[in-house]
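Engineer: quick check, what structure comes out for this input:
(one chain, ligands or ions: 1)
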Amino acid sequence: MTHRRPLIAGNWKMHQNVAATSALIEGLLAEDLGGEVDAVVCPPFTSLPHAAMLLTGSKIGLGAQNCHWENSGAFTGEIAPAMLVELGIQWVIVGHSERRTIFGESDITAARRAKAAQEAGLAVIYCVGETLEQRQAEKTFSILETQMAGVADLDPTKLVVAYEPVWAIGTGQTATADQAQEAHAFLRRRLEGFFSSDADALRILYGGSMKPGNAAELVGMPDVDGGLIGGASLDVGSFSAIIRASADCAVGD
Ligand code: 13P
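Structural biologist: Okay, the predicted model is just below:
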């Protein structure tokens, strides 16, 4: 089995103006973030140029929280992948459940965004996850299967999948390590169907109330290769503690 280096990504959502971005990034840069782990922060669009400047030459990667599928045009309020690349950004989150439930993102538009982002050179964090209602109706795997359909067309070398059960996001209610592993193993099998042996190297992140106290247990599961962190990524102490707890947790050779 391939060793998958853990990845911890902070989704700042609609938090952190430019001043708060500076403080948070400067705090993270002053921390010892451990060895065998990758860290990425995803501030809001208005903070990205400043974040890019602060992170130049550092080991912390930079991501955006969304992008459009065209590189220019009459798309009021949207941001093109090439505009992110111009700032030196390497990552973009696509298909987050808040985009899906609040802003009408569909599996089709999420897949288009992801494809265009990769074509522009960005690595994609592609989010999937079921609601509480869907879990209770035992539809978790069929929902994940549907949400994953667009992934088949993507480049596996520039792809990370994030499993974010909607019922665990911002609720303080985390999936158990076994629940996370079960969903991640299912997602890995889907990825194997799309990319055969290349799926083994692909990282699948868990997102939903991951905190310093549960990170090591979750990332210690065989198919959990890191986390996509919301609330706990807004604090230097808790985000850096999650990063350190995840270092060396990946299972494999
Ligand atoms: P919380 O960590 O705040 O639950 O958010 C998870 C999330 O939505 C990350 O994208």
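Engineer: make it CA atoms for all contacts and neighbour counts henceforth
Structural biologist: Noted.
Engineer: mind listing the strands for the stretch 151-253 of the chain?
Structural biologist: Assigned by DSSP state E, counting those that start in this stretch, the stretch 151-253 of the chain shows strands spanning 159-163, 203-206, 226-229.
Engineer: put together TSV for the ones you listed, with mean neighbour count on each row.
Structural biologist: Formatted as TSV, the strands of the stretch 151-253 of the chain follow (neighbours: other C-alpha atoms under 10 Å):
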stretch	mean neighbour count
strand 159-163	24
strand 203-206	28
strand 226-229	30
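Engineer: would a markdown table of the ones you listed with distance to L24 be doable?
Structural biologist: Below are these laid out as a markdown table (distance: least, C-alpha to C-alpha, whole Å):
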| stretch | distance to L24 |
| --- | --- |
| strand 159-163 | 23 |
| strand 203-206 | 22 |
| strand 226-229 | 15 |
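Engineer: tell me which of the ones you listed lies nearest to S238.
Structural biologist: Judged by C-alpha to C-alpha, the one of these that comes nearest to S238 is strand 226-229, at 10.2 Å.
Engineer: with just CA atoms, put the closest one into PDB.
Structural biologist: What follows is strand 226-229, C-alpha atoms only, in PDB (Å, rounded to 0.1, in the frame of the first residue of the first chain):
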ATOM      1  CA  GLY A 226      -6.100  14.100   6.700                       C
ATOM      2  CA  GLY A 227      -8.700  16.600   7.400                       C
ATOM      3  CA  LEU A 228     -10.600  19.600   6.000                       C
ATOM      4  CA  ILE A 229     -11.100  21.800   9.000                       C
END
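Engineer: before we move on, the earlier item: adding distance to the ligand and mean pLDDT, write the strands of the stretch 151-253 of the chain out as TSV.
Structural biologist: Below are those laid out as TSV (distance: least, C-alpha to the nearest ligand atom, whole Å; pLDDT from 0 to 100):
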stretch	distance to the ligand	mean pLDDT
strand 159-163	8	98
strand 203-206	9	98
strand 226-229	4	98
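Engineer: lowest average confidence, helix or strand, in the protein?
Structural biologist: helix 132-136 (a mean of 93; mean pLDDT, DSSP states H and E).
Engineer: how about residues contacting that one?
Structural biologist: With contacts defined as C-alpha atoms under 8 Å, 6 or more residues apart in numbering, helix 132-136 is touched by 140, 143, 165-167.
Engineer: alpha carbons of it, as CSV, please.
Structural biologist: What follows is helix 132-136, C-alpha atoms only, in CSV (Å, rounded to 0.1, in the frame of the first residue of the first chain):
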residue,chain,number,x,y,z
LEU,A,132,-28.5,13.5,8.5
GLU,A,133,-31.8,12.7,6.8
GLN,A,134,-30.0,10.7,4.1
ARG,A,135,-27.9,8.8,6.6
GLN,A,136,-31.0,7.9,8.7
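Engineer: after it comes which helix or strand?
Structural biologist: Toward the C-terminus, helix 132-136 is succeeded by helix 140-148 as the next helix or strand (DSSP states H and E).
Engineer: I'd like to know which elements that following helix is packed against.
Structural biologist: Counting contacts by 3 or more C-alpha pairs under 8 Å, 6 or more residues apart in numbering; DSSP states H and E, helix 140-148 packs against helix 107-119, strand 123-128, helix 177-195.
Engineer: show me which of the contacts of helix 132-136 neighbour the ligand.
Structural biologist: Of the residues in the contacts of helix 132-136, proximity to the ligand by C-alpha under 6 Å from any ligand atom holds for none.
Engineer: let's have these in CSV, adding pLDDT, neighbour count and distance to T131.
Structural biologist: Below are the contacts of helix 132-136 laid out as CSV (pLDDT from 0 to 100; neighbours: other C-alpha atoms under 10 Å; distance: C-alpha to C-alpha, whole Å):
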residue, pLDDT, neighbour count, distance to T131
T140, 97, 18, 8
I143, 97, 16, 9
P165, 96, 25, 6
V166, 94, 22, 5
W167, 91, 20, 6
